[in-house]
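Show me the folded form of this:
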Amino acid sequence: MELSSSTSINDLLKAYPFLVDFLVAYNPKFGLLKNRVMRATVGKKATLKQVA
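From the prediction side, this is the model:
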């Protein structure tokens, strides 16, 4: 997978599912990503540029 600033969080986590736990450990604000519904909803709109 090629990453860019426009890569969606949903696409990133589909390709690298282990990143969910890493991101939550890095910053508790990413805790919503553990919920699949929230990940699918927010993850489609949020990009790497927005969360960086």
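
What are the buried residues along the lowest-mean-pLDDT helix or strand in the chain?
Ranked by mean pLDDT, DSSP states H and E, the weakest helix or strand in the chain is helix 36-45, scoring a mean of 90. Within helix 36-45, the residues that count as buried by 16 or more other CB atoms under 10 Å are 39, 42, 43. (Glycine included, C-beta is placed from N, CA and C.)

mind listing what the spatially most central residue of the chain touches?
With distances taken as CA atoms, centre = their mean, the residue of the chain nearest its centroid is residue 9 (3.4 Å). When contacts are counted by CB atoms under 8 Å, 6 or more residues apart in numbering, residue 9 touches 33, 39, 42, 43, 46, 47, 48, 51.

for residue 8, same thing?
43, 44, 45, 46, 47.

Equivalent analysis for residue 52, please.
Residue 52 sits next to residue 5 when contact means CB under 8 Å, 6+ apart.

And it, how far from residue 22?
Separation of residue 52 from residue 22 (CB to CB, to the nearest Å) stands at 15 Å.

returning to what we had before: so which of the buried residues of helix 36-45 is the closest to residue 29?
Residue 29 has its nearest neighbour among the buried residues of helix 36-45 in residue 42, at 11.5 Å by CB to CB.
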